[in-house]
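K.L.:
Generate coordinates for the sequence data below:
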Amino acid sequence: MRIAIYSDNFYPELSGISDSIITLGKELASMGHQICFVAARYTRRNFEKAGHKARELDLGPNIHFIRLFSVPMPSATGQGRFAIPFGRSAKLLREFKPDIIYTNHFGGVGLEALKAARKLGVPLLGTSHTPMREFMKYSPIRNEWATEKVLKYVSWYYNHCDYVTAPSQFLFQEMIHYGFNKPHRVLSNPIHTGDFKPVESTERKLQLKQRFGINGPTLIYTGRLAPEKHVDVIVKALAIVKQSIPDANMLIPGHGSAENDLKKLAADLGLSDAVKFLGFVGQETFLEAYQASDVFAVASTAEMQCLSMMNAMLCGLPVIGVRAGALPEYINDANGFVIEPGDVQAMADKILYLFQNTEVAAALGQGGRNYAMQFSSPNIAREWISLFERCILDVHETKLRNTSL
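P.N.:
Numbers count the residues shown, from 1 in each chain. Below you'll find the predicted structure:
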C-alpha cells in the first residue's frame, strides 16, 4: 500500500502528534508499505531549538518526504509553522501515486490534503488530535465568537474525510456538538514500547537518581511546558509533599512557553534544588529520567491521550492525572488515580500516598505496563492497515455504484 501522511505538526517540532505519526509511519514501512510524509518546511532555527541539525530524517528506503513552503505561527514550542495551502502537494505526489491520504490536522497542510485527495481521486482518512477550545488560548483573537467559528471549521474539515479517528471519545463529543457526522472510531496513538521499560534493579534506580542529583522519592512530568499543561499544580503539590517528605524531588524534561514562569514558581516556593528542569534531552536521558522516578503526574486539561503518560506506564510508574480531556479514558483503578483539575491538595495527597505505600505503587506500575502494552506500534499499525483497506474498498464501491446509476 502507498500511504501519504499529511500533518501540520512534524519533525523537528516537539509534538506528540509528530512523534505518533512518525512512529506509525516507521512501523508501516517496516511491514513493507510505502510512506510519504507531507509537512511544513522548518527553518534552521526550528531545528536548533529542538537540538537537531538542520537535515531531513533518515527513516529508510520506504519513507519519503515532501516539504511545503511555510511561515511562522505562534505555538507553545516556539517552532510552529503554517504551510500556505497553494495546492502544490497533489502535483508533487503524482509520482508517488498514493492509494490513500491520511491527514492529521486541519491547518495549511490539512487543506493541502483535502485538495490532493480530490485531485488524485483517492480516499481521505483523518485523525483529530486537538481539543481546540484549549488551544485557542494561543490565538491572537481570544473570545467565544472566534472559538465557536474555529470549532465549526474543525467539524467542517473532518466532514470532508471518508473516515475519522481520534485517540479519545472526548474529542468526538466536542466535534459532534459542532456538526461532525462522518463514520468514526476511537483509535489509540501508537506507542514504541521497545524504548520504554522499568528499571532493572533497585541499585540501578539509585545510580540514576545520583546522576540527576537526587536521592529521595521522585516525581516526574514530561512534555511541553505550556499553560494548558498546568504543571504549576504539580509543583505546588510537591511543596506540600515536602512538608512530610523533605527529600522528595521532581524531574521535568522538556521546554516550552511556561518554562520561565515555572522556574520562578519553584524558586518562590523554595524548590529550586528539588525541581530539576532538564530542558530538551536525548532519548537515552529521557528514558533514564523515567527510570530514576517513582511517580508520574499530569495536570493538563488538554490531553487527548498523553503519550508521555503512556511511556511512564511502560516504565512501570503509577500515574496521577486529572478528570479532563481523555485522561479519565486511559487512567483506571489498575494503573493510577484521577483527581479534579486544579486541585493542588488532592494532587499532593495522591503523590504522598504513593511515596509512602511502595507496594501499592509497584502494583499500579505493573498494571499500567500491562495496560499500555496493548497500544504497541505493531498492534496499532495493524489496526490502521485494516482501516486503510476498508476505506479504500468503501470509496471504490461507492464510485462503482455512482457510475452504474
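K.L.:
Could you check how many residues crowd around Leu271?
P.N.:
Using other C-beta atoms under 10 Å, Leu271 has 19 neighbouring residues. Yep, even glycine has a C-beta here, placed from its N, CA and C like the rest.
K.L.:
Over to the one 4 residues further on?
P.N.:
Residues lying near Val275 (other C-beta under 10 Å) number 23.
K.L.:
after the one helix or strand in the chain whose mean pLDDT sits lowest comes which helix or strand?
P.N.:
Ranked by mean pLDDT, DSSP states H and E, the helix or strand of the chain with the weakest confidence is helix 132-135, at a mean of 71. Using DSSP states H and E, the next helix or strand after helix 132-135 towards the C-terminus is helix 144-158.
K.L.:
which helices and strands sit right next to that following helix?
P.N.:
Packing contacts for helix 144-158, counted by 3 or more C-beta pairs under 8 Å, 6 or more residues apart in numbering; DSSP states H and E, involve helix 132-135, helix 169-177.
K.L.:
one more time with 6 Å
P.N.:
Applying 3 or more C-beta pairs under 6 Å, 6 or more residues apart in numbering; DSSP states H and E, one finds that helix 144-158 makes contact with helix 132-135.
K.L.:
so for the top helix by length along the chain, what's the average pLDDT?
P.N.:
Taking DSSP state H as the criterion, the chain has its longest helix at helix 377-404. Across helix 377-404, pLDDT averages out at 89.
K.L.:
so where's this structure uncertain?
P.N.:
76, 134-141, 404-405 (pLDDT under 70).
K.L.:
center of it, which residue is that?
P.N.:
Residue closest to the average C-alpha location in the chain (C-alpha atoms, centre = their mean): Gly16, at 2.6 Å.
K.L.:
re earlier: give me the distance between the longest helix of the chain and the centre of its chain.
P.N.:
For helix 377-404, the separation from the chain centroid amounts to 25 Å (computed by C-alpha atoms, centre = their mean, to the nearest Å).
K.L.:
do stretch 187-195 as well
P.N.:
Using C-alpha atoms, centre = their mean, the offset of stretch 187-195 from its chain centre is 11 Å.
K.L.:
ok, and what's touching it?
P.N.:
For stretch 187-195, the external contacting residues (C-beta atoms under 6 Å, 6 or more residues apart in numbering) are 20, 23-24, 165, 167, 305, 310, 314, 375-377, 380, 383.
K.L.:
Just the CA atoms of it, as CSV, please.
P.N.:
Output of stretch 187-195 as CSV, limited to C-alpha atoms (Å, rounded to 0.1, in the frame of the first residue of the first chain):
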residue,chain,number,x,y,z
LEU,A,187,-8.1,4.5,18.0
SER,A,188,-5.0,5.0,20.2
ASN,A,189,-1.9,6.6,19.0
PRO,A,190,0.9,4.0,18.5
ILE,A,191,3.5,3.6,21.3
HIS,A,192,7.0,2.5,20.6
THR,A,193,7.1,0.0,23.5
GLY,A,194,10.6,-1.2,22.9
ASP,A,195,12.1,2.1,24.1
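K.L.:
Could I get the buried residue list for that stretch?
P.N.:
Under the neighbour-count criterion of 16 or more other C-beta atoms under 10 Å, stretch 187-195 has Leu187, Ser188, Asn189, Pro190, Ile191, His192, Thr193 buried.
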